[in-house]
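Colleague: only the shape, not the letters, is given here:
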Ligand code: NAP
C-alpha cells in the first residue's frame, strides 16, 4: 500500500490555511540564502509558493557569495528580534567560506523551524521536543496517519546526517522502536536492512535498496532524491519492492511534500505560541 505523502501534506496545508485565514497578522517565515546554488533556488521557490498558498508571509533574504559573514550575523540577529518573524531558516548548503555551524546556531531556538540548532537537536536527544527537523517529523506524521505502530518494531535507518538520519533515529527511539543506524562505513548493509520492520533510506543513491535487501511485509520509507535525466528517483527500487512491502512511499509524492508541510506547520507552531 502506498504511503501517500502528497495527500496528507495537502490535508495539513488545508488545515493551516483555515487557521491563518482567521489571523489579522499573518505568520512570517524568513529564508536566508547565501550564493546562488541551483537546487537551493528551486527549493526556495517551492517554499515561497507553499507559504503563499497557506497564508504565511515569505521573506527571501539573499546574500552574494562574497558577502561578509558579519552582515549575515547582523541579519540573523535582526530577524531574531523582529516580533513579526516566526520562523528563520538558512537554506543549505551555503558556500564553504561561511561557517554553517556558527550561523545556524545564532538562530533563536523558537524560530529555528528547521530544528537544526544545537539546542533543538539537544532537546530532541533528551525527549523534550521543541522544533524538530522537518523531514523526520514528516515521516513520523506519515506513519501516524496510516496507524502504523512503531513500538517494539525494528527500525533500520540508512544514513546518519544531522538533517535526516540522526533526528529520525531519535524520534523512532522516542516512539519505542529498536533502532539501527547504518551509514557509508556499514559492512554488509543488507544484513541489517533485511531485519527491518521499518526501513528508511536517506542516502541519495538511486537503487541503493534492492528487493533482496527488504523483508517481506515491511514498511519502506524512501527519503532519497536523485535526479537522473531530469527525472526524480528515490534510493529504493520502488517497482520491484512495492509488492513485497506492506507500505511504501513513492518518489515523488512521499516524503518530499511532507517536508514542506512540516516547515509550514513549524512556522505556525511558533506563531501560535506567541498569540
Ligand atoms: P547526506 O548528508 O549526504 O547524508 C547521506 C548519508 O548517507 C550519510 O550518512 C552517508 O554516510 C550515508 N551513505 C552514503 N553512501 C552510503 C551507502 N552506500 N550505504 C549506506 N549509507 C550511505 O544527505 P541527507 O541530507 O541526509 O540527504 C539524504 C538524501 O535524502 C538525499 O538524496 C537528499 O536529497 C534527500 N533528502 C530528501 C528530503 C525530502 O524532503 N524528501 C529532505 C532532505 C534530504 P556517512 O555519514 O558515513 O558519510
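Modeller: Yep, that arrived. Values in this document were obtained by computation on a predicted structure and should not be read as measured data. Numbers count the residues shown, from 1 in each chain.
Colleague: where does the closest residue in space to residue 4 that isn't next to it in sequence fall, secondary structure wise?
Modeller: Leaving out its chain neighbours, the residue that sits closest to residue 4 by C-beta to C-beta, 6 or more residues apart in numbering is residue 253, at 6.8 Å. C-betas here are computed from N, CA, C, even on glycine. Remark: residue 253 resides in no helix or strand, with elements defined by DSSP states H and E.
Colleague: which ones are touching residue 167?
Modeller: With contact set as C-beta atoms under 8 Å, 6 or more residues apart in numbering, residue 167 has these partners: 115, 121, 124, 132, 133, 136.
Colleague: so what's the residue nearest to residue 4 up against?
Modeller: So, once contact is read as C-beta under 8 Å, 6+ apart, residue 253 ends up touching 4, 5, 6.
Colleague: among the contacts of residue 167, which pair sits farthest apart?
Modeller: 121 and 136 (11.2 Å; C-beta to C-beta).
Colleague: which pLDDT value belongs to the closest residue to residue 69 other than its chain neighbours?
Modeller: Of all residues not flanking residue 69 in the chain, residue 98 sits nearest, at 5.8 Å (C-beta to C-beta, 6+ apart). In this model, residue 98 is scored at 98, pLDDT.
Colleague: go on, residue 123?
Modeller: Model confidence at residue 123 (pLDDT) stands at 98.
Colleague: quick check: next helix or strand after the helix or strand it falls within?
Modeller: According to DSSP H and E, residue 123 maps onto helix 118-125. Next helix or strand after helix 118-125 toward the C-terminus (DSSP H and E): helix 134-145.
Colleague: I'd like the next helix or strand past that following helix.
Modeller: strand 154-158.
Colleague: give me the residues contacting that following strand.
Modeller: 165, 168-169, 172, 177-183, 186, 189, 192-193, 195-203, 208-209, 235.
Colleague: so which bits of the stretch 151-275 of the chain are right by the ligand?
Modeller: 158-161, 163-165, 182-186, 189, 202-205, 223-226, 255-256, 259 (C-beta under 6 Å from any ligand atom).
Colleague: now, which of the contacts of strand 154-158 lie within strands?
Modeller: In strands, defined here by DSSP state E, the members of the contacts of strand 154-158 are 178, 179, 180, 181, 182, 198, 199, 200, 201.
Colleague: top of the residues you listed by neighbour count?
Modeller: residue 200 (32 neighbours; other C-beta atoms under 10 Å).
Colleague: next up, phi/psi of the nearest residue in space to it that is not next to it in sequence, please.
Modeller: Nearest residue to residue 200 in three dimensions, chain neighbours excluded: residue 221, at 4.3 Å (C-beta to C-beta, 6+ apart). Per-residue torsions, residue 221: phi -110, psi 120 (degrees, to the nearest 10).
Colleague: tell me who's in contact with residue 221.
Modeller: 3, 139, 142, 198, 199, 200, 201, 248, 249, 254, 255.
Colleague: please apply the same query to residue 7.
Modeller: With C-beta under 8 Å, 6+ apart, residue 7 has no contacts at all.
Colleague: what helix or strand is it on?
Modeller: Residue-wise, residue 7 maps onto helix 5-21 under DSSP H and E.
Colleague: so which bits of that helix are buried?
Modeller: 5, 6, 8, 9, 12, 13, 16, 20 (16 or more other C-beta atoms under 10 Å).
Colleague: and the angle from it to helix 134-145?
Modeller: In terms of direction (axes from the mean of the first three to the mean of the last three C-alpha atoms, to 10 degrees), helix 5-21 departs from helix 134-145 by 100 degrees.
Colleague: show me what the very next helix or strand once past helix 5-21 is packed against.
Modeller: Sequence-wise, the next helix or strand downstream of helix 5-21 (DSSP H and E) is strand 28-34. For strand 28-34, the packing partners by 3 or more C-beta pairs under 8 Å, 6 or more residues apart in numbering; DSSP states H and E come out as helix 38-54, strand 57-63, helix 69-81, strand 87-90, helix 255-273.
Colleague: ok, and what's touching the third one?
Modeller: By that I understand helix 69-81. Residues contacting helix 69-81 (C-beta under 8 Å, 6+ apart): 30, 32, 34, 61, 63, 85, 88, 98-99, 103, 106-108, 111.
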